[in-house]
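Chemist: got a sequence here, can you model it:
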Amino acid sequence: MVGRPEPSPGLLRRLDDIARAAFPATGTVLLMVLAAGPSGVPALVPAVTLPCIIFWSIFRPGAMPPPAVFLLGLLQDLLTMAPLGIGVVTLLVAHGLAVAWRRFLVRQSFMFVWLAFCAFSAGTAALGWLLTALLAWNLPAPAPALHQAALSAGLYPAFAFVLSRIHGVMRRAEETP
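Modeler: Just a heads-up that it's a prediction; the model follows:
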């Protein structure tokens with residue numbers, strides 16, 4: 001009706017909205033903690049974190065704000081026992097670039113987005129390697145960084161498949177009155 005305000009949403013609707021808004025960051029935290037388990041693959045935590053951050057930064061940037069990326073980078077540094085700040089800086093740079101190119105990437109095919117993610121992965125690994133070298137005043141072996149980039153690029157299709165399904169469900173829930 002004209003002139004009448006809409007009724008305020010109920011408690012369950014508000015809780016649903018909060019859960020939908022918090023899912024990208026909390027889901028990423030859960031995957032990071034699971035990846036930090038005794039898998040024998042030290043690059044698994046960054047390789048799991050980057051696809052989640054890039055996917056949500058492109059397809060739902062409001063749900064992956066910079067403060068959340070900062071905290072995820074800090075958690076990554078703590079879980080991998082890396083020097084504090086390396087994960088924060090690399091993930092914030094990747095997030096910033098993904099958000100900047102979001103309008104272009106969101107209209108592209110999966111293959112193009114995957115190739116762009118491979119570039120993000122290589123750049124993030126190279127930046128992490130460079131920051132580690134600067135902090136240690138020593139050139140670390142490049143093999144772990146290459147392994148991390150390859151693992152992250154290889155995991156992206158599986159993550160994108162699952163996260164795109166979740167994103168579709170979230171979008172349909174938002175469109176329902």
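
Chemist: which strand or helix spans the spatially most central residue of the chain?
Modeler: Centroid-nearest residue in the chain: Ile53, 1.1 Å away (criterion: Cα atoms, centre = their mean). Assessed by DSSP states H and E, Ile53 sits inside helix 44-59.

Chemist: now the residue nearest to the centre of the chain: how far from Trp114?
Modeler: Distance from Ile53 to Trp114, counting by Cβ to Cβ, to the nearest Å: 15 Å. All C-beta spots, glycine's among them, are computed from the backbone N, C-alpha and C.

Chemist: now Ala35
Modeler: From Ala35 across to Trp114, the span is 20 Å (Cβ to Cβ).

Chemist: quick one, helices of this structure?
Modeler: Taking DSSP state H, the helices of the chain run over residues 11-35, 44-59, 66-80, 86-100, 102-105, 110-136, 143-175.

Chemist: next, the buried residues of the fifth one.
Modeler: In this case it means helix 102-105. Buried residues in helix 102-105, counted by 16 or more other Cβ atoms under 10 Å: Leu105.

Chemist: pull the CA atoms of that helix into PDB?
Modeler: Only the C-alpha atoms of helix 102-105 are listed here, as PDB (Å, rounded to 0.1, in the frame of the first residue of the first chain):
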ATOM      1  CA  ARG A 102      35.600  -6.900 -10.500                       C
ATOM      2  CA  ARG A 103      33.300  -5.200 -13.000                       C
ATOM      3  CA  PHE A 104      35.400  -6.700 -15.800                       C
ATOM      4  CA  LEU A 105      35.900 -10.200 -14.300                       C
END
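
Chemist: name the helices or strands packed onto it?
Modeler: Contacts defined by 3 or more Cβ pairs under 8 Å, 6 or more residues apart in numbering; DSSP states H and E place helix 102-105 against helix 44-59, helix 110-136.

Chemist: mind checking which of those helices is nearest Ala173?
Modeler: Nearest of the helices and strands packed on helix 102-105 to Ala173, taken as Cβ to Cβ: helix 44-59 at 15.2 Å.
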